[in-house]
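Novice: this is a predicted model, with the sequence first.
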Amino acid sequence: MFRKRNVSVVVLFVFVSFFLDQLTKLFAVNYLRPLEPPTEVIGTLLRLKLTFNPYGVFGISVGSNELYYVLSLAGLVVLGYIALTVKDRTGVVVFGLLIGGAIGNLVDRLRFGYVIDFIDMGIGNVRWFTYNLADAFITVGAIFLVMHEVFRKKKTE
């Protein structure tokens with residue numbers, strides 16, 4: 001049922017993504033201030049701006065704080081099960097990144113009651129939602145999985 005090789009690869013990528021997420025959040029909290037203007041890294045395209053998000057993805061509220069914990073834990077169980085049973089190595093890596101990102105945001109929520117966000121991207125006044133590396137791992141992983149499924153199905157048809 002579970003593949004031994006998957007366990008070690010998933011654990012490695014969970015650890016790496018979690019570690020990078022927490023390390024960058026520590027940097028953000030120590031070097032950025034919430035009410036100060038953003039620090040430009042690449043003009044207005046990429047800026048660093050410390051924010052605290054008590055809500056869900058993109059700052060959308062889905063109800064009580066307890067609901068965030070329940071949804072996160074349920075998602076982690078499902079992702080963990082799939083990661084340990086998936087057959088291709090790329091999928092295992094992507095699930096490791098997804099799980100590590102989810103754990104990174106869950107740890108923030110448990111420790112502080114909010115998620116630390118600090119990456120601010122956009123052009124001029126047109127900005128994306130402020131996010132963190134965990135969000136990036138989750139988003140890129142989810143997009144990759146969808147694209148992988150779309151192209152895999154086309155090949156088998």
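Specialist: Looks like it came in fine.

Novice: next one: phi and psi at Leu50?
Specialist: Per-residue torsions, Leu50: phi -80, psi 120 (degrees, to the nearest 10).

Novice: which non-adjacent residue is nearest Val29?
Specialist: The spatial neighbour of Val29 that comes closest, neighbours along the chain excluded (Cβ to Cβ, 6 or more residues apart in numbering), is Ile116 at 6.3 Å. Bear in mind the C-beta positions are built from the backbone N, C-alpha and C, glycine included.

Novice: just the CA atoms of whichever strand or helix holds that neighbour, as PDB, please.
Specialist: In this structure, Ile116 sits in strand 115-123 according to DSSP states H and E. What follows is strand 115-123, C-alpha atoms only, in PDB (Å, rounded to 0.1, in the frame of the first residue of the first chain):
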ATOM      1  CA  VAL A 115      -0.400  33.500   9.600                       C
ATOM      2  CA  ILE A 116       2.700  35.700   8.900                       C
ATOM      3  CA  ASP A 117       2.700  37.100   5.300                       C
ATOM      4  CA  PHE A 118       5.300  39.300   3.800                       C
ATOM      5  CA  ILE A 119       5.700  38.800   0.000                       C
ATOM      6  CA  ASP A 120       4.000  41.700  -1.800                       C
ATOM      7  CA  MET A 121       3.900  41.400  -5.600                       C
ATOM      8  CA  GLY A 122       2.300  43.600  -8.300                       C
ATOM      9  CA  ILE A 123       2.700  46.400 -10.700                       C
END
